[in-house]
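Q: Here is my input, please return the structure:
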Amino acid sequence: MNKARQFGVMIVGDELLSGKRTDKHLSHVIETLHARGMSVAWSRMVSDNHNRLVHELKLTQLDSVPVFCFGGIGATPDDQTRQAAAGAFGMRLLRHPDAVSMIEDRFGREAYPNRVRMADLPEDCLLIPNPHSRIPGFTVFDHHFFPGFPSLAWTMLDWVLDSYYGHDLQPEVEKSVRVFDTHESALIQLMDELSAGHCRAKLFSLPH
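A: Here you go, the predicted model:
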């Protein structure tokens, strides 16, 4: 897993698509990856719908980048990400014994009958430790699943990056030049020539 430089971001939640809440994950992931010499390849926002989540997770498996998925791994009926991940990867949803132990240590008898449902995870997944609530996230191949709460998820994101991906030894360098008294269309030929002559660089134009 340690050769990745770009990542996909999936953010799950009806409350985001309805406008009841505003997403904070994407901007944080962009900033976190930039500091490590990495970047976001794509992002998508998905509802808490089982079939839609299965469909999207099947599509992300066709891509070559690892994926960070935020939200929907709780125990309430609207949380469908754990079940959808198992379905998308063709795995059974099984009660993970280590996750059970973590939830029991955190809640004691109150872990049952409902909180322990969060230990029902895709078989053979790897756990992502959660130092705050002790309820783990999980990894299936190169897909990493976190809770929707930023205060929990972002610490877990750091752990995944440190454990599996580290830092890129050749971070991206951005340089810009301001051009005055002209318009964008007059510079297109120049930009074509620059792009052709520097195939490893990505050119941008931001008119103002």
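Q: what comes up buried for stretch 112-124?
A: Taking 16 or more other CB atoms under 10 Å as the basis for neighbour counts, the residues of stretch 112-124 that come out buried are 115-122. Where C-beta positions appear, they are placed from N, C-alpha and C, glycine not excepted.
Q: Run through the neighbouring helices and strands of the helix or strand of the chain with the lowest mean pLDDT.
A: In the chain, no helix or strand scores lower on mean pLDDT, DSSP states H and E than helix 188-197, which sits at a mean of 84. Under the contact definition 3 or more CB pairs under 8 Å, 6 or more residues apart in numbering; DSSP states H and E, helix 188-197 sits against no other helix or strand.
Q: from the middle of its chain, how far away would that helix be?
A: 34 Å (CA atoms, centre = their mean, to the nearest Å).
Q: One more: stretch 187-194?
A: Averaged over its C-alpha atoms, stretch 187-194 has a centre that lies 35 Å from its chain's centre (CA atoms, centre = their mean).
Q: Buried residues, it. List them.
A: Neighbour counts over stretch 187-194 (16+ other CB under 10 Å) mark no residue as buried.
Q: How many residues are close by His143?
A: 21 (other CB atoms under 10 Å).
Q: can I assume it is in contact with Cys69?
A: Yes. With contact defined as CB atoms under 8 Å, His143 reaches Cys69; the gap is 6.3 Å.
Q: Overlap in contacts, these two.
A: Contact with both His143 and Cys69 is made by residues 57, 85, according to CB atoms under 8 Å, 6 or more residues apart in numbering.
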